[in-house]
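> what's the 3D shape of this:
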Amino acid sequence: MQMQKKIIFCDPEKCLGCYICEFACSASKGKSTDPLLSRIRVVNYEPVGSMALACVLCQGTPCVKACPRKALSQEGESHVIRVNEKKCNGCLWCLGACPFGAISLDPEKKTVAVCDYCDGDPECVKYCPFDGALTYGPIDEIAHAKRKDVFKRIIEETAGKKA
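Presented below is the predicted three-dimensional model:
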(Lines give C-alpha, C1' and ligand atoms only; values in the text may rest on other atoms or scores of the structure.)
Protein backbone atom coordinates (compact mmCIF):
# COMPACT_ATOMS: atom_id res chain seq x y z
CA MET A 1 0.00 0.00 0.00
CA GLN A 2 1.33 3.42 -0.99
CA MET A 3 1.85 6.03 1.75
CA GLN A 4 -0.61 8.91 1.56
CA LYS A 5 0.85 12.29 0.68
CA LYS A 6 1.13 14.48 3.79
CA ILE A 7 0.99 18.26 3.71
CA ILE A 8 0.99 21.24 6.04
CA PHE A 9 -2.44 22.84 6.01
CA CYS A 10 -3.24 26.26 7.38
CA ASP A 11 -6.79 27.00 8.46
CA PRO A 12 -7.18 30.70 7.61
CA GLU A 13 -10.01 30.99 10.15
CA LYS A 14 -7.57 30.10 12.95
CA CYS A 15 -4.35 31.69 11.70
CA LEU A 16 -3.71 35.13 13.17
CA GLY A 17 -0.57 35.87 11.17
CA CYS A 18 1.77 35.88 14.18
CA TYR A 19 4.76 34.67 12.09
CA ILE A 20 5.87 32.18 14.76
CA CYS A 21 5.81 29.46 12.09
CA GLU A 22 8.33 31.46 10.05
CA PHE A 23 10.59 31.94 13.06
CA ALA A 24 10.40 28.24 14.00
CA CYS A 25 11.26 27.24 10.43
CA SER A 26 14.14 29.68 10.06
CA ALA A 27 15.56 28.63 13.43
CA SER A 28 15.37 24.99 12.39
CA LYS A 29 16.58 25.31 8.79
CA GLY A 30 18.71 28.44 8.80
CA LYS A 31 19.89 28.32 12.40
CA SER A 32 18.71 31.93 12.63
CA THR A 33 15.49 33.76 13.42
CA ASP A 34 15.65 35.61 10.11
CA PRO A 35 12.24 35.02 8.49
CA LEU A 36 13.88 35.31 5.05
CA LEU A 37 15.35 31.86 5.73
CA SER A 38 11.92 30.36 6.40
CA ARG A 39 10.40 27.81 4.03
CA ILE A 40 6.87 28.64 5.14
CA ARG A 41 5.45 32.09 4.52
CA VAL A 42 2.66 34.03 6.15
CA VAL A 43 0.50 35.78 3.60
CA ASN A 44 -1.67 38.67 4.76
CA TYR A 45 -4.71 39.37 2.68
CA GLU A 46 -6.30 42.56 3.83
CA PRO A 47 -8.78 43.19 5.25
CA VAL A 48 -9.74 39.55 5.82
CA GLY A 49 -6.83 37.84 7.56
CA SER A 50 -3.68 35.77 7.28
CA MET A 51 -2.60 32.35 6.18
CA ALA A 52 0.67 30.41 6.33
CA LEU A 53 1.71 28.73 3.11
CA ALA A 54 4.19 25.92 2.48
CA CYS A 55 4.79 23.66 -0.50
CA VAL A 56 1.66 21.61 -1.20
CA LEU A 57 3.44 18.94 -3.26
CA CYS A 58 1.56 19.68 -6.47
CA GLN A 59 0.53 16.93 -8.80
CA GLY A 60 2.79 17.12 -11.83
CA THR A 61 5.47 19.13 -9.96
CA PRO A 62 5.62 22.26 -12.15
CA CYS A 63 8.63 23.54 -10.18
CA VAL A 64 10.65 20.38 -10.89
CA LYS A 65 9.75 20.50 -14.58
CA ALA A 66 10.66 24.20 -14.87
CA CYS A 67 14.19 23.83 -13.49
CA PRO A 68 16.63 24.02 -16.40
CA ARG A 69 19.49 22.62 -14.30
CA LYS A 70 17.56 19.63 -12.89
CA ALA A 71 18.31 20.90 -9.37
CA LEU A 72 14.85 19.97 -8.06
CA SER A 73 13.53 16.46 -7.62
CA GLN A 74 10.59 14.82 -5.91
CA GLU A 75 11.14 11.99 -3.44
CA GLY A 76 9.28 8.73 -3.84
CA GLU A 77 6.78 8.04 -1.06
CA SER A 78 7.01 11.36 0.80
CA HIS A 79 6.66 13.40 -2.42
CA VAL A 80 8.85 16.09 -0.81
CA ILE A 81 10.67 18.41 -3.23
CA ARG A 82 14.43 18.34 -2.69
CA VAL A 83 16.90 20.98 -3.88
CA ASN A 84 20.36 19.97 -5.02
CA GLU A 85 22.25 23.10 -4.00
CA LYS A 86 25.26 22.13 -6.12
CA LYS A 87 23.11 22.30 -9.26
CA CYS A 88 20.88 25.26 -8.32
CA ASN A 89 22.07 28.66 -9.52
CA GLY A 90 19.11 30.63 -8.16
CA CYS A 91 17.56 31.37 -11.56
CA LEU A 92 14.08 31.23 -9.95
CA TRP A 93 12.35 29.53 -12.87
CA CYS A 94 10.88 27.14 -10.32
CA LEU A 95 9.48 30.05 -8.33
CA GLY A 96 7.73 31.34 -11.45
CA ALA A 97 6.28 27.88 -12.11
CA CYS A 98 4.99 27.37 -8.55
CA PRO A 99 1.27 28.19 -8.55
CA PHE A 100 1.34 28.95 -4.81
CA GLY A 101 4.50 31.02 -4.45
CA ALA A 102 5.83 28.43 -1.99
CA ILE A 103 9.44 28.62 -3.19
CA SER A 104 11.86 31.23 -1.95
CA LEU A 105 15.44 32.26 -2.52
CA ASP A 106 17.85 31.69 0.35
CA PRO A 107 19.52 35.13 0.57
CA GLU A 108 22.75 33.64 1.95
CA LYS A 109 23.22 30.60 -0.29
CA LYS A 110 21.62 32.14 -3.39
CA THR A 111 19.78 28.86 -4.03
CA VAL A 112 16.08 28.14 -3.79
CA ALA A 113 14.48 26.74 -0.66
CA VAL A 114 11.39 24.56 -0.50
CA CYS A 115 9.64 23.16 2.57
CA ASP A 116 10.83 19.63 3.27
CA TYR A 117 8.35 19.10 6.11
CA CYS A 118 11.29 18.70 8.53
CA ASP A 119 11.45 15.07 7.47
CA GLY A 120 7.98 14.37 8.85
CA ASP A 121 8.04 16.46 12.03
CA PRO A 122 7.43 20.09 10.96
CA GLU A 123 8.72 22.67 13.42
CA CYS A 124 6.18 25.24 12.24
CA VAL A 125 3.29 22.98 13.24
CA LYS A 126 4.87 22.14 16.62
CA TYR A 127 5.36 25.79 17.58
CA CYS A 128 2.12 27.24 16.20
CA PRO A 129 0.38 28.72 19.27
CA PHE A 130 -3.11 28.60 17.78
CA ASP A 131 -4.63 25.13 18.11
CA GLY A 132 -5.52 23.79 14.69
CA ALA A 133 -4.21 26.75 12.72
CA LEU A 134 -1.45 24.54 11.25
CA THR A 135 -1.86 20.81 10.84
CA TYR A 136 0.34 18.19 9.23
CA GLY A 137 -1.12 14.99 7.93
CA PRO A 138 -2.47 13.02 5.00
CA ILE A 139 -4.39 15.17 2.54
CA ASP A 140 -7.47 12.95 2.73
CA GLU A 141 -7.63 13.20 6.54
CA ILE A 142 -7.20 16.98 6.51
CA ALA A 143 -9.86 17.35 3.82
CA HIS A 144 -12.27 15.08 5.74
CA ALA A 145 -11.78 17.07 8.96
CA LYS A 146 -12.37 20.33 7.08
CA ARG A 147 -15.58 18.94 5.52
CA LYS A 148 -16.79 17.90 8.99
CA ASP A 149 -16.15 21.44 10.28
CA VAL A 150 -18.09 22.96 7.38
CA PHE A 151 -20.97 20.50 7.86
CA LYS A 152 -21.09 21.28 11.59
CA ARG A 153 -21.19 25.02 10.84
CA ILE A 154 -24.03 24.54 8.32
CA ILE A 155 -26.06 22.59 10.89
CA GLU A 156 -25.44 25.26 13.55
CA GLU A 157 -26.38 28.10 11.19
CA THR A 158 -29.48 26.27 9.98
CA ALA A 159 -30.58 25.52 13.55
CA GLY A 160 -30.05 29.16 14.50
CA LYS A 161 -32.31 30.38 11.67
CA LYS A 162 -35.19 28.11 12.78
CA ALA A 163 -35.19 29.46 16.36
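> quick one: the helices in the protein?
20-29, 62-66, 93-97, 123-127, 139-162 (DSSP state H).
> between those helices, which one is nearest to His79?
His79 lies closest to helix 139-162 among the helices of the chain, at 10.0 Å (C-beta to C-beta). C-betas here are computed from N, CA, C, even on glycine.
> And the closest one, what does it pack against?
On a contact count with 3 or more C-beta pairs under 8 Å, 6 or more residues apart in numbering; DSSP states H and E, helix 139-162 meets strand 6-10.
> could the helices of the chain go into CSV alongside distance to Gln4?
Putting these into CSV (distance: least, C-beta to C-beta, whole Å) gives the following:
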stretch, distance to Gln4
helix 20-29, 23
helix 62-66, 20
helix 93-97, 25
helix 123-127, 17
helix 139-162, 6
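> Which stretch among those helices is buried most, on average?
Among the helices of the chain, the stretch with the highest mean neighbour count (mean count of other C-beta atoms under 10 Å) is helix 20-29, at a mean of 21.
> do you know how far the residue nearest the centre of the chain is from Lys148?
Taking C-alpha atoms, centre = their mean, the centroid of the chain lies closest to Ala54, which sits 1.6 Å from it. According to C-beta to C-beta, to the nearest Å, Ala54 stands 23 Å off from Lys148.
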